[in-house]
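Q: Pasting the sequence and the predicted coordinates here, then a few questions.
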Amino acid sequence: MPRQFFVGGNWKMNPVSREEKQALVKTLNGADLDPATEVVVAPPALYLLPLKDSLKNDIKVAAQNCYEKPKGAFTGEISAPQLADAGIPYVILGHSERRKEFKESDELVAAKTKAALESKLKVILCVGEDKDQREAGETAAVVNRQLQAVVNVLNPGDWSHIVIAYEPVWAIGTGKVATPEQAQEAHADIRKFLSDKVSLDVAEKTRIIYGGSVTAANCSDLAALLDVDGFLVGGASLTPQFITIINAKRK
């Protein structure tokens, strides 16, 4: 079976007003979207439930983060069971901003992933290297290390509920984009890692999406790559060009 194309929009800490949120909803609800593509948007936690109720049925919502513990004295956090109880189907974990700005280790990301899956959430698991690591030829080693921490705590069957987002940190919000050759190489390396460390079946079925300054101008070339199964889009997901990106595989 071919892997279903997947496009996620990570709104990060945007928008800053309900009016802006409503404008985004209007754009998405009024758009003609490729029915063959799975579409997910990740708003700030404040907007999760309003968006879940106001977006049309073929657009799902995702949380941008969750904690590893199910409940307790953890001010400011949201747990996986809370998200599941609210009917939120997806959560983004391991984003480079969480790893860098909030010092989340590979092991913490793995623990959060396990907690999310145990609550029946689906996970968009982010991995990727920074500029220095790319220039040192360490891309595969860095990504494999990040993935190995997750492999260590999961069962093979868990991977059917995970979408891996390869996001070269040097390309996030910078306007720089991995070349098609760089993106394909990194995605193929991830698939080989899954084949070696989990199973060939998991490697063939797991969707691996690309994130890093994806725009309407470059999405078609990236979408045509053998091992690119979609995108995790940042800034462009807040603009009308997100519709073009969602429809990148449309015939």
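A: Perfect, I can see it now. Numbering: from 1, shown residues only.
Q: what's the neighbour count on Thr206?
A: 20 (other Cβ atoms under 10 Å). The way it works is simple: take the backbone N, C-alpha and C, and place the C-beta from them, glycine included.
Q: Go ahead and confirm it touches Trp159.
A: Yes: here Thr206 reaches Trp159: they are 5.6 Å apart, a contact under Cβ atoms under 8 Å.
Q: Going along the chain, name the helices of the stretch 101-250 of the chain.
A: In the stretch 101-250 of the chain, the helices defined using DSSP state H, counting those that start in this stretch lie at 106-118, 131-135, 139-151, 180-197, 200-205, 219-223, 241-246.
Q: centre of the chain versus the fifth one, how much separation?
A: With Cα atoms, centre = their mean, to the nearest Å as the basis, helix 200-205 stands 19 Å off its chain's centre.
Q: Kindly report the same for the third one.
A: On the basis of Cα atoms, centre = their mean, the separation between the geometric centre of helix 139-151 and that of its chain is 16 Å.
Q: and it, average pLDDT?
A: The average pLDDT within helix 139-151 is 98.
Q: Use 438 as the first number from now on
A: Okay, residue one is now 438; in that scheme the one you just asked about reads as helix 576-588.
Q: Mind giving me the packing neighbours of that helix?
A: helix 543-555, strand 559-564, helix 617-634 (3 or more Cβ pairs under 8 Å, 6 or more residues apart in numbering; DSSP states H and E).
Q: Point out the most buried one among these.
A: The highest average neighbour count among the helices and strands packed on helix 576-588, using mean count of other Cβ atoms under 10 Å, belongs to strand 559-564 at a mean of 25.
Q: Direction included, what does it pair against?
A: In the sheet, strand 559-564 lines up against strand 527-530 (parallel), strand 599-603 (parallel) (DSSP bridges).
Q: Kindly reformat those as JSON lines and extend each row with distance to Val564, mean neighbour count and mean pLDDT.
A: Formatted as JSON lines, these follow (distance: least, Cβ to Cβ, whole Å; neighbours: other Cβ atoms under 10 Å; pLDDT from 0 to 100):
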{"stretch": "strand 527-530", "distance to Val564": "10", "mean neighbour count": "25", "mean pLDDT": "98"}
{"stretch": "strand 599-603", "distance to Val564": "6", "mean neighbour count": "25", "mean pLDDT": "98"}
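Q: got those as TSV, with distance to Val639 columns?
A: As requested, the strands paired with strand 559-564 are exported to TSV (distance: least, Cβ to Cβ, whole Å):
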stretch	distance to Val639
strand 527-530	18
strand 599-603	9
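Q: Pro439: which of those strands is closest?
A: When the strands paired with strand 559-564 are compared by Cβ to Cβ, strand 599-603 sits nearest Pro439, at 15.0 Å.
Q: so where's this structure uncertain?
A: The model of the chain has pLDDT under 70 over residues 438.
Q: List the contacts of the spatially most central residue of the chain.
A: Centroid check for the chain by Cα atoms, centre = their mean gives Ile561 as the closest residue, at 4.0 Å. By Cβ atoms under 8 Å, 6 or more residues apart in numbering, Ile561 lies in contact with 445, 477, 479, 499, 527-530, 599-600, 602, 646, 669.
Q: right, so of the helices and strands packed on helix 576-588, which gets closest to Lys688?
A: helix 617-634 (19.8 Å).
Q: For the closest one, C-alpha coordinates in CSV please.
A: C-alpha atoms of helix 617-634 as CSV (Å, rounded to 0.1, in the frame of the first residue of the first chain):
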residue,chain,number,x,y,z
PRO,A,617,16.0,17.7,-3.1
GLU,A,618,19.1,15.5,-3.1
GLN,A,619,19.8,16.4,0.6
ALA,A,620,16.2,15.8,1.6
GLN,A,621,16.0,12.4,-0.2
GLU,A,622,19.3,11.3,1.2
ALA,A,623,18.2,12.1,4.8
HIS,A,624,14.8,10.4,4.4
ALA,A,625,16.4,7.3,2.8
ASP,A,626,18.8,7.1,5.7
ILE,A,627,15.9,7.3,8.2
ARG,A,628,14.1,4.5,6.4
LYS,A,629,17.3,2.4,6.4
PHE,A,630,17.7,3.0,10.1
LEU,A,631,14.1,1.8,10.8
SER,A,632,14.7,-1.2,8.6
ASP,A,633,17.9,-2.1,10.6
LYS,A,634,16.6,-1.2,14.1
